[in-house]
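Quick one, what's the 3D model for this:
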Amino acid sequence: MYEQFLYKHLDFYCSIYLLTNATYTIVNVNRIKKYEEALNAVEEALRLNPSSSTLWNNKGNTLYNLKRYEEALQAYEEALCFDSSDAIMWNNKGGTLKALGREKEAQKCYEKAHQLGYKGPSITQPQAQISKSKANVST
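Model prediction:
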């Protein structure tokens, strides 16, 4: 009976195993700055689980590290479609908007992250960061 259950659900368990390994690979490959490999891993994981906000966030992080900010922004937006209550994803979106020079939109994302409980460095003084970047542009 147990064997029949496993056989019937083999695809599901294989997918869970692959997703677990893919997520581990994504995080570790990002740490050693092999971003193209990490991007390949996250795209494979998303093929198996396209509704994972965590995987979309990981894709955004990887694309951000590759300085592919427009694509990173799309990935963070996708992540937020699946989980709009994640403060870190709002902060990541804000950082990407800031990298694109879209400070007002970035500020709104930082404020949303703060409302959701994010206490990271981009939230503690977001106004100062935006003002500083504007000052650098005008000098």
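
how deep is residue 48 tucked in, by neighbour count?
14 (other CB atoms under 10 Å). For the C-beta atoms, the positions are set from N, CA and C on the backbone; glycine is no exception.

ugh, wrong one, I meant residue 70
10.

Quick one: residues contacting residue 86.
By CB atoms under 8 Å, 6 or more residues apart in numbering, the contact set of residue 86 is 53, 57, 79-80, 116.

out of these, which are buried?
Of the members of these, the ones counted as buried by neighbours, 16 or more other CB atoms under 10 Å, are 53, 57, 79-80.

mind putting the residues you listed in JSON lines, distance to residue 104, pLDDT and secondary structure included?
Output for these, formatted as JSON lines (distance: CB to CB, whole Å; pLDDT from 0 to 100; DSSP: H, G, I helix; E, B strand; the rest coil):
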{"residue": "53", "distance to residue 104": "25", "pLDDT": "93", "secondary structure": "helix"}
{"residue": "57", "distance to residue 104": "23", "pLDDT": "93", "secondary structure": "helix"}
{"residue": "79", "distance to residue 104": "21", "pLDDT": "96", "secondary structure": "helix"}
{"residue": "80", "distance to residue 104": "18", "pLDDT": "98", "secondary structure": "helix"}
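
Nearest to residue 41 among those residues?
Proximity of the buried ones among the contacts of residue 86 to residue 41 (CB to CB) peaks at residue 57, which lies at 14.0 Å.

quick one, what contacts the closest residue to the closest one other than its chain neighbours?
If the residues on either side of it in the chain are set aside, residue 57 comes closest to residue 79, at 4.4 Å by CB to CB, 6 or more residues apart in numbering. Neighbouring residues of residue 79 by CB under 8 Å, 6+ apart: 53-54, 56-57, 60, 86, 89.

Brilliant, that's me finished.
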